[in-house]
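> Predicted model, plus sequence, below.
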2 protein chains.
Amino acid sequence: MSSEGNGDSRWSAQVNALGGFIRAQRQLANLSLREMAAMTSVSNAYLSQVERGLHQPSLKVLHSIADALQLSTEQLLSQAGWTRGYTESAEANGDTPMSSTEDAIRADPRLTPEQRTALLGVYRSFVDG
Amino acid sequence: MSSEGNGDSRWSAQVNALGGFIRAQRQLANLSLREMAAMTSVSNAYLSQVERGLHQPSLKVLHSIADALQLSTEQLLSQAGWTRGYTESAEANGDTPMSSTEDAIRADPRLTPEQRTALLGVYRSFVDG
DNA sequence: CTGCTGTGATTGACATACTTAACGCTCCTG
DNA sequence: CAGGAGCGTTAAGTATGTCAATCACAGCAG
C-alpha cells in the first residue's frame, strides 16, 4: 500500500530525489534489486525501500551503492541535494541553453521538482559519461 | 573504558579518521562541544562519540557538522576516505528546440538506443505514476 | 574548604537504519 | 493445470544512531 498520504514530509524531498536517481541508475545498468544487493552486500529489501524514499541510507550503504553503480559518492550526495552549491559552473549565464533535452525536462510541468532533478541527473550521467 | 578490545576493526580506520578530523577542525575554530552542538542541533554527547570514532554519523548529522565548520560535505567525506574520486566534468552543447520531453529524448543524438529506452522508461514511470 | 560554572565523557531510553523470511506477481517450461 | 524462476514489495525482528540527563574533573569566587 504505502500510502502516498505522507503527512510527514520531513524527508520526502531529498530522499526521493536520491532514491529516484539510484533506481534510475540501477535500471540503466540493467541490474535487478537482488543483483545489486549482492554487489553491495545490502539487502534487496532495504534497497527497494531506499529507492522509494522510505529510508535514508547511511554512508556505508551509500558508498556501496555508488561503488556498484560506478558512480562517485559525491555524485550521489549532490543528487540527494546534500552537498551545497556547485551550481556555479552550470549556470553562470542566464541564457545558455545547454541541450534541448535538458530544457525539455526542466520545462516539463508533469514532473515534480524531485523527479526533475533525478531525471536530469540520469541524463547528464549519460551524456557526460 | 575506552579500551576497545577492538575485535571489530572494519570501521575504526575510517571512522577514526573522520572523527579526528572533525575534532581537529572544531578545536581549530575554537568551539566547545556544546557550542558546536548548538550550531548543529546535534547533542554534545553524540558529537563527542562521533569525534572519538564510537559512532558513524548519519548524513543529516554530517551535513550539519560540515555546515558548522564551514566545510563542504565532500571535504568531510574525502577526509574520511569515503570518496573514491571519479571525475566529474560536464560540458556539452547542441540545440534544437523541441516541444515535449519524450520527443526531446527520442531526438537526442547523444543518447545510444539503449540509453534512450532507459531514459524514456524512467520518464514514463515518473509521469504515469 | 564550599560552592558555582565551565568543560568532555558516560548511561539508559527511544527512533530509525537494516536484515531475513516471507508474499504476490508475471513469464516460462513441462 | 502445476511449478520453478525471475522480479519488486511487505512484515517482523535486530542492530545502531541519537538524545536528555547525569557524571567527574577542572578553574575561580566567596
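Happy to help now that I have it.

> Where does the prediction get shaky in chain A?
Applying pLDDT under 70 to chain A flags the ranges A:1-15, A:79-99, A:114, A:126, A:128-129.

> Could I get the full set of helices for chain A?
For chain A, the helices defined by DSSP state H cover A:12-28, A:33-40, A:44-51, A:59-68, A:73-79, A:100-107, A:113-128.

> who in chain A is up against DNA strand D?
Contacts of chain A with DNA strand D, taken as Cβ under 7 Å from any atom of the strand, map to A:1-2, A:32-35, A:44-45, A:48-49, A:51-52, A:58. Any C-beta I mention is one placed from the backbone N, CA and C, and that applies to glycine too.

> how does it look with 10 Å?
A:1-3, A:19, A:23, A:26-27, A:30-38, A:43-52, A:54, A:56, A:58-60 (Cβ under 10 Å from any atom of the strand).

> which of those residues are close to DNA strand C?
Answer for the residues of chain A next to DNA strand D near DNA strand C (Cβ under 10 Å from any atom of the strand): A:33-34, A:37, A:43-50, A:54, A:56, A:58-60.

> Now for these: which two are most distant?
A:Arg34 and A:Leu59 (23.0 Å; Cβ to Cβ).

> Looking at the two, which is more packed in?
A direct count of neighbours by other Cβ atoms under 10 Å in any protein chain shown for A:Arg34 and A:Leu59 places A:Leu59 higher, at 20 against 12.

> Test my guess that that one contacts B:His55.
No: taking contacts as Cβ atoms under 8 Å, A:Leu59 lies outside contact range of B:His55: 11.6 Å.

> Please tell me how far the closest residue to A:Gly20 other than its chain neighbours sits from A:Asp103.
Spatial nearest neighbour of A:Gly20, excluding adjacent residues (Cβ to Cβ, 6 or more residues apart in numbering or on different chains): A:Ala118 at 3.6 Å. With distances taken as Cβ to Cβ, to the nearest Å, A:Ala118 is found 17 Å from A:Asp103.

> same thing with A:Asn16?
Taking Cβ to Cβ, one finds A:Asn16 at 23 Å from A:Asp103.

> neighbour-wise, which of these two wins?
Regarding A:Asn16 and A:Asp103, a neighbour count based on other Cβ under 10 Å identifies A:Asn16 as having more, with 23 against 16.

> so how far is A:Ser64 from the more buried one?
20 Å.

> now A:Leu54
A:Leu54 is 18 Å from A:Ser64, by Cβ to Cβ.
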